[in-house]
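>>> Here is my input, please return the structure:
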Amino acid sequence: LAPHIHLLATTHPDDMSSVQSKQEPIIIDGKGTAATIRQEIAKAVKFLKEKHKATPGLATVLVGNRTDSATYVRFKKKAAAEVGFHSIDRHLDEKVTEEELLKVVKELAEDDKVHGILVQLPLPKHINEHTVLSSIPVNKDVDGFSALNIGNLVMRGGEDPKARPCTPWGCIELLKRYKIEVAGKNAVVLGRSNIVGMPVAAMLQNLNATVTVCHSKTKNLKEHLLRADIIIAAIGRAEFVKADMVKPGATVIDVGINSKPDATRKRGYRLVGDVDYKAVKEIAGAITPVPGGVGPMTIAMLLKNTFNLCLSNNKISFDDALQESMFSKKPFPAS
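Presented below is the predicted three-dimensional model:
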């Protein structure tokens with residue numbers, strides 16, 4: 001199934017070149033694309049269960065009662081159930097010790113039914129996040145943040161990572177599914193975090209883009225952005241990127257999720273991205289909305305990582321039969 005595109009009239013991704021010639025904004029539908037990916041994974045999981053008697057397993061560990069963290073975990077659990085995964089949830093008290101948390105992670109690491117372990121961040125201040133995350137074996141590192149996975153991501157000609165950081169991979173998947181050319185293009189990544197900025201810069205370079213990473217110390221930021229064919233905005237500043245910072249026809253991927261006061265809303269605020277969406281969409285060639293853009297893709301790619309780790313841990317090859325159970329071409333290419 002093709003991802004949904006919302007224009008003044010319905011348009012298929014294959015028609016992008018003609019749409020761009022008319023300078024109509026292409027709204028990249030992350031929500032619809034993520035739904036398509038979940039459908040594809042569900043088909044493959046069914047095939048995996050029937051032929052190989054294997055079921056991908058995702059374990060989530062939640063410490064404390066933060067509303068936002070609990071919401072994220074609930075969404076991930078729902079998505080895992082939708083595609084037929086085995087799901088394990090461990091909810092620990094806010095006062096759990098680091099030693100007790102590490103013991104839980106170790107138990108999950110030794111469970112053959114678990115192929116991916118997700119420890120929801122942030123953790124309470126008395127727990128060292130690096131120590132906990134480092135305790136997750138690389139073959140169950142569903143977030144793709146282990147040193148080995150990141151090293152394999154940036155090394156050319158080496159092994160593929162067993163898992164890739166989910167949000168950056170979601171950005172790349174949107175570019176691929178909407179057939180937006182990356183090779184030879186100028187790409188600017190706004191933000192250099194370990195979670196989004198640095199991994200997505202590596203992924204864009206692997207696709208042969210010329211990549212510039214901008215950050216709080218970058219001089220002449222506007223000049224860099226105006227040269228960009230592709231902008232990945234991930235700095236956590238509400239509506240920072242304005243229309244006069246974007247080259248006409250550029251593709252803009254907005255990773256930011258920020259709260260903006262809005263007295264007309266029942267909750268008193270609305271969600272906006274790092275890009276001034278209303279203004280920028282008038283000149284961009286393609287743009288992701290917030291919400292409904294990159295956000296839903298993060299969980300979809302988490303499911304992909306879990307699926308791939310299940311194949312790897314069970315030594316199941318991605319053969320033609322498995323491939324054809326999902327779609328006409330291999331779904332998880334190296335990025």
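>>> Tell me where the stretch 101-250 of the chain has helices.
Ranges of helices in the stretch 101-250 of the chain, per DSSP state H, counting those that start in this stretch, are 129-134, 147-154, 166-177, 197-206, 221-226.
>>> can you list the weak-confidence ranges in this protein?
Across the chain, the ranges flagged by pLDDT under 70 are 1-23, 320-321, 323-335.
>>> middle-most residue in it, spatially?
In the chain, the centroid-proximal residue (CA atoms, centre = their mean) is residue 167; its distance is 2.3 Å.
>>> wait, what's in contact with the closest residue to that one other than its chain neighbours?
Of all residues not flanking residue 167 in the chain, residue 298 sits nearest, at 4.7 Å (CB to CB, 6 or more residues apart in numbering). For glycine as for every other residue, the C-beta is placed from the backbone atoms N, C-alpha and C. Counting by CB atoms under 8 Å, 6 or more residues apart in numbering, residue 298 makes contact with 166, 167, 170.
>>> Take the helix or strand hosting residue 298, keep the C-alpha atoms, and write them as PDB.
Per DSSP states H and E, residue 298 falls inside helix 294-313. Below are the C-alpha coordinates for helix 294-313, written out as PDB (Å, rounded to 0.1, in the frame of the first residue of the first chain):
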ATOM      1  CA  VAL A 294       7.900  11.900  12.100                       C
ATOM      2  CA  GLY A 295       6.300  10.900  15.500                       C
ATOM      3  CA  PRO A 296       4.300   7.900  14.400                       C
ATOM      4  CA  MET A 297       7.300   6.700  12.400                       C
ATOM      5  CA  THR A 298       9.400   6.300  15.500                       C
ATOM      6  CA  ILE A 299       7.300   3.400  16.900                       C
ATOM      7  CA  ALA A 300       7.000   1.900  13.400                       C
ATOM      8  CA  MET A 301      10.800   1.700  13.100                       C
ATOM      9  CA  LEU A 302      10.900   0.300  16.700                       C
ATOM     10  CA  LEU A 303       8.800  -2.600  15.400                       C
ATOM     11  CA  LYS A 304      11.100  -3.000  12.400                       C
ATOM     12  CA  ASN A 305      14.100  -3.200  14.700                       C
ATOM     13  CA  THR A 306      12.300  -5.800  16.900                       C
ATOM     14  CA  PHE A 307      11.400  -7.900  13.800                       C
ATOM     15  CA  ASN A 308      15.000  -7.800  12.500                       C
ATOM     16  CA  LEU A 309      16.500  -8.700  15.800                       C
ATOM     17  CA  CYS A 310      14.100 -11.700  16.000                       C
ATOM     18  CA  LEU A 311      15.400 -12.800  12.600                       C
ATOM     19  CA  SER A 312      19.000 -12.300  13.700                       C
ATOM     20  CA  ASN A 313      18.700 -14.000  17.100                       C
END
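>>> Quick check: residue 135 touching residue 103?
No: contact criterion CB atoms under 8 Å: residue 135 and residue 103 do not qualify, at 9.8 Å.
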